Every structure is written in structure tokens, then in C-alpha cells.
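1. got a structure for you, letters missing:
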Ligand SMILES: [Zn+2]
């Protein structure tokens, strides 16, 4: 696998040829639906690229933004512009939650509610979440948060197909290609960091992330701190 968009297009076309409908998680049916999910762990810019690719093919999906990630600030001006562009393209936005921030189930329910209440004031986010590293919390699959959709609830995770590219797994396999012939709904998770127009190796991807962040930090220093305006002129 090259992790190029064209490989995803082959899979999506297969779903469509088998009569599947790309649906949002709230529009649940155990048959004939594809719930397209993207966990945005590293880059909202890459999420927007994927959002453009999907919209160009008439597809919609849900992008899950991680408030406590180590890579981007979801409230920076650039991130907010990119998120509103993703929403304008017809996609939905949810929250990618780290359960390891919480001590127990009650704590986690409150944490999700609090995170939603805060971030919904800044960008258009739906009451839906996915977990980042779910295994770090016992009982993650059974967490019910009133008024929210948990994408790991058994109806999205056990009762229908679940395919994921986690850790850049080569997940386009015969299991995946045969699934649509059954008519059973499919949750399909990809991480935008792995995918691009032409496909790229992990080394090329990390080099690009380093480069992009270097330029962003440099330009933020120049714009925000007068002392750096001259020092970093070129
Ligand atoms: Zn994650």
C-alpha cells in the first residue's frame, strides 16, 4: 500500500457499487451504511486536505479533533479557519478524547461534557467522540455519555464491521474488500497523517511536519515579538 488517496477511492467506489450510503454516525442503521471517521492526532492541515479529497468525490465524513494533542493548537487562527472550511465542505467535527486524563468513569463523562461545552464556543463541533488510545481506560467501550455518540459503542464497533489504519496498518485486505458484499454497515477509520495525493513514506511525512512547524514557529516569532521581527527577517 502507498497510502495514496486513489487507494481509498477504490474502496469507497466499492462501497458505493454495493449500494452503501456514506452516513453520519447519528443516522444509524446496522445495514447499508458507511460511517467514515478520521482521528486527527497530528495535523488539521492534513485533515483539510483529506476533507477536500472526499468532498471532491461527493463524500462526507466526521473529523475528530484532539484538544490535548502534542502537535497543533485547535484554537489557533489557522486551525479555526481550516475547521470552518472542513465544516463548509459538508463534513462534521467531533472530539478525539484521551481517557487517560481521567481517574474513573464519572470523571470521564464530566470531562467529555466539559470539553464539548468549551470547544463548541469556538468551532462547529457535534456531540460525538472517539477515544485516543482507548485501551488506557478500563471499560472504554461501554462508556455512555448522555446526549453524545460514542464511536466505540458496540453498535458501531462490534455489531457492524470496523476497519482502521491505526499505526499505518496495511488494512486494505481481502476481509475489507469482501465486507461490502454482506450489506452489513461499516465503520471505516483513517488517520489523515498517513494519506496524501501521491502517498508518502513515514520518513517523508515526518520531514514535512518538521518543516511546516519550523516555518510556522518562525513566522509566529516574527509576527508576535518585535525583537524577532528583524532577527528573523529572511
Ligand atoms: Zn488518536
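-> Nice, thanks for sending it over. This one's a predicted model, so the numbers in the text were calculated from it and none came from an experiment. Numbers count the residues shown, from 1 in each chain.
2. how much space separates the residue nearest to residue 222 when sequence neighbours are not counted from the ion?
-> Closest residue to residue 222 apart from its sequence neighbours, by CB to CB, 6 or more residues apart in numbering: residue 232 at 4.9 Å. Bear in mind the C-beta positions are built from the backbone N, C-alpha and C, glycine included. When CB to the ion, to the nearest Å is applied, the distance between residue 232 and the ion equals 33 Å.
3. now swap in residue 41 and tell me
-> As judged by CB to the ion, residue 41 and the ion stand 4 Å apart.
4. pretty sure that residue sits against residue 69.
-> Yes. With contact defined as CB atoms under 8 Å, residue 41 counts as touching residue 69 (6.0 Å).
5. residues shared between the contacts of these two?
-> Common contacts of residue 41 and residue 69 (CB atoms under 8 Å, 6 or more residues apart in numbering): residue 96.
6. quick one, phi/psi of residue 171?
-> Recorded main-chain torsions at residue 171 are phi -100, psi 0, according to degrees, to the nearest 10.
7. okay, now the nearest residue to residue 197 once chain neighbours are set aside: neighbour count?
-> Residue nearest to residue 197 in three dimensions, not counting chain neighbours: residue 5, with 5.7 Å by CB to CB, 6+ apart. Residues within reach of residue 5, counting by other CB atoms under 10 Å, total 20.
8. so residue 29 sits right up against residue 185, yeah?
-> Yes. In this structure, residue 29 sits in contact with residue 185. The criterion is CB under 8 Å, and the distance is 6.3 Å.
9. compare the two (neighbour count), which wins?
-> Between residue 29 and residue 185, counted using other CB under 10 Å, the more crowded position is residue 185 (22 against 11).
10. from memory the more buried one sits against residue 30, does it?
-> Yes. The pair residue 185 and residue 30 passes the contact test of CB under 8 Å, sitting 5.4 Å apart.
11. can you name the element that comes right after the helix or strand in which residue 208 is found?
-> In this structure, residue 208 is located in helix 202-224 according to DSSP states H and E. With elements assigned by DSSP H and E, the helix or strand that comes after helix 202-224 is helix 226-231.
12. now do that following helix, average pLDDT.
-> Model confidence over helix 226-231 averages 92 on the pLDDT scale.
13. chain center to that helix: distance?
-> Between the centre of helix 226-231 and the centre of its host chain there is 37 Å, according to CA atoms, centre = their mean, to the nearest Å.
14. which residues does that helix contact?
-> Outside helix 226-231, the residues that reach it (CB under 8 Å, 6+ apart) are 221-223.
15. got a winner among those residues for most neighbours?
-> Neighbour counts for the contacts of helix 226-231 peak at residue 222, which has 16 neighbours (criterion: other CB under 10 Å).
16. OK, contacts around that residue?
-> When contacts are counted by CB under 8 Å, 6+ apart, residue 222 is found next to 228-229, 232-233.
17. quick one: which of the residues you listed is nearest residue 174?
-> Closest approach to residue 174 among those (CB to CB): residue 232, at 52.8 Å.
18. number of residues surrounding the closest one?
-> Burial of residue 232, expressed as a neighbour count using other CB under 10 Å, amounts to 14.
19. was I right about it contacting residue 224?
-> No. With contact taken as CB under 8 Å, residue 232 and residue 224 are classed as non-touching, separated by 11.2 Å.
20. if we can go back for a sec, need the overlap of contacts for residue 185 and residue 30.
-> By the contact definition CB under 8 Å, 6+ apart, residue 185 and residue 30 are jointly contacted by residue 160.
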